[in-house]
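Engineer: Show me the folded form of this:
(one chain, ligands or ions: 1)
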Amino acid sequence: MPKSSIPSCYKTETGQIDVARLKRDVSITKVASLITKLVRSGTEMKGLCPLHEEHTPSFFANEAKGTFYCHGCGRGGDVIAFVQEVGGRSFLESCEWLMGSSSFCPPEQRYPVAQATAIRQVNVHRAKVEFRRGVAIEGTVVEAYLANRGLDGQVPGCIRHSWVPRFWHDDGSEGPREPAMIAAVQDVDGSVVGIQRTFLDKEGRKARRGSARLSLGQIRGGALRLGPARPEIMLTQGVEDGLALTRMFVGATVWAALGDGNLAHVALPRHVRSVTLCGDADDAGRTAVQRAREAYEALGIAVRVLFPRAGKDFNEEWLLLHA
Ligand SMILES: [Zn+2]
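Structural biologist: This next block holds a predicted model:
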């Protein structure tokens, strides 16, 4: 773009593009919505990733931060990076396209950061309340669900059964309650700050209507702790994988990040010195483990990695080899 054709509001004193202002004025959600359908998910917008082939949404746009991130392919960045990735354009071409696009969103119409923070706090509170309402799994659909996966026997109290709302209305009233397995997410200090809900039917199978799995409150940075914090822990992603690992490595402390995207982000107490990352044996699992390995090694934590040999994840491994 010739310098003269930069709109005056985006021209700096030296005639360059005011990139900071452009990023502030353009809505990542609007731009991403041009090519993928987004729906609200907590404080973010979620949809199928336009950058890789997928059938369940793992692409998130964060309007407050002006960023996107895909938990499937790991791509992320600001709105300019998004246009570069999607359109195969250079940085300058992407800026040019954005300045000419109709994706501007006046700041007052943005999803305000303060509002996003307030919603997060409400959801953390809801998660705490719902977790306290939960009961031991003995004799419930959760026990049946886990038994179907070869995971009978005792489970720690951080896994409970309850009837929980799938959603809350905008006025704060709750949606219908459904039976679910509840897994507690604890922050670095051990406080419950979130839950993962796995909705189940009467026979203890994953609910077919709507998403079977939904998180509530704060997940990122936290973990489901299937054992106390010790200098050495095993870290995996799913509840079932975690329970399988506690049976395969009796006495080990196993934590679950509850999602590939969080595997690299669990805030570990200071005295944890060694982490064994236990990943799924597929591309997404290996990518997540590699990212996590780099993140924890950068913190000076010793990292080992472990993948299942027979199954695609550790729950399947347990079923195939041990149960
Ligand atoms: Zn992707």
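Engineer: What pLDDT is listed against the residue of the stretch 101-250 of the chain found nearest the ion?
Structural biologist: Nearest residue of the stretch 101-250 of the chain to the ion: residue 237, at 17.1 Å (C-beta to the ion). All C-beta atoms are positioned from the backbone trio N, CA, C, and that covers glycine. We note a pLDDT of 92 for residue 237 in this prediction.
Engineer: That one and residue 258 touch, don't they?
Structural biologist: Yes - Residue 237 is within contact range of residue 258, at 6.8 Å (criterion: C-beta atoms under 8 Å).
Engineer: what about stretch 227-239, distance to the chain center?
Structural biologist: Distance of stretch 227-239 from the chain centroid (C-alpha atoms, centre = their mean, to the nearest Å) equals 18 Å.
Engineer: mind saving the C-alpha coords of it as CSV?
Structural biologist: Extracted in CSV, the C-alpha atoms of stretch 227-239 (Å, rounded to 0.1, in the frame of the first residue of the first chain):
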residue,chain,number,x,y,z
GLY,A,227,-3.3,-37.1,44.8
PRO,A,228,-1.5,-34.6,47.1
ALA,A,229,1.2,-32.3,45.7
ARG,A,230,4.5,-34.2,45.9
PRO,A,231,7.9,-33.4,44.4
GLU,A,232,7.1,-35.8,41.6
ILE,A,233,3.8,-35.8,39.8
MET,A,234,2.3,-37.4,36.7
LEU,A,235,0.3,-35.0,34.6
THR,A,236,-2.2,-36.1,32.1
GLN,A,237,-5.2,-34.4,30.4
GLY,A,238,-8.5,-36.3,31.1
VAL,A,239,-10.2,-37.5,34.2
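Engineer: Helix or strand: which one has the residue in the stretch 201-323 of the chain that the ion sits nearest to?
Structural biologist: Closest contact between the stretch 201-323 of the chain and the ion, by C-beta to the ion, is at residue 284 (9.8 Å). Taking DSSP states H and E as the criterion, the element that holds residue 284 is helix 283-298.
Engineer: Now that helix: average pLDDT?
Structural biologist: Mean predicted lDDT for helix 283-298 stands at 93.
Engineer: Near the ion, which residues of this protein? Just list them.
Structural biologist: Residues of the chain lying close to the ion (C-beta under 5 Å from the ion) are 49, 51, 52, 70, 72, 73.
Engineer: what's the burial count for the residue of the stretch 201-323 of the chain closest to the ion?
Structural biologist: When neighbours are counted by other C-beta atoms under 10 Å, residue 284 registers 19.
Engineer: Test my guess that residue 296 contacts residue 290.
Structural biologist: No - the criterion here is C-beta under 8 Å, and residue 296 misses it with residue 290 at 11.3 Å.
Engineer: Tell me which of those two has more neighbours.
Structural biologist: Neighbours around residue 296 and residue 290, counted as other C-beta under 10 Å, are more numerous at residue 296. The numbers are 21 against 16.
Engineer: ok, the more buried one - contacts?
Structural biologist: With contact set as C-beta atoms under 8 Å, 6 or more residues apart in numbering, residue 296 has these partners: 264, 268, 275, 277, 303.
Engineer: again with residue 52
Structural biologist: The neighbours of residue 52, taking C-beta under 8 Å, 6+ apart as the test, are 70, 72, 73, 75.
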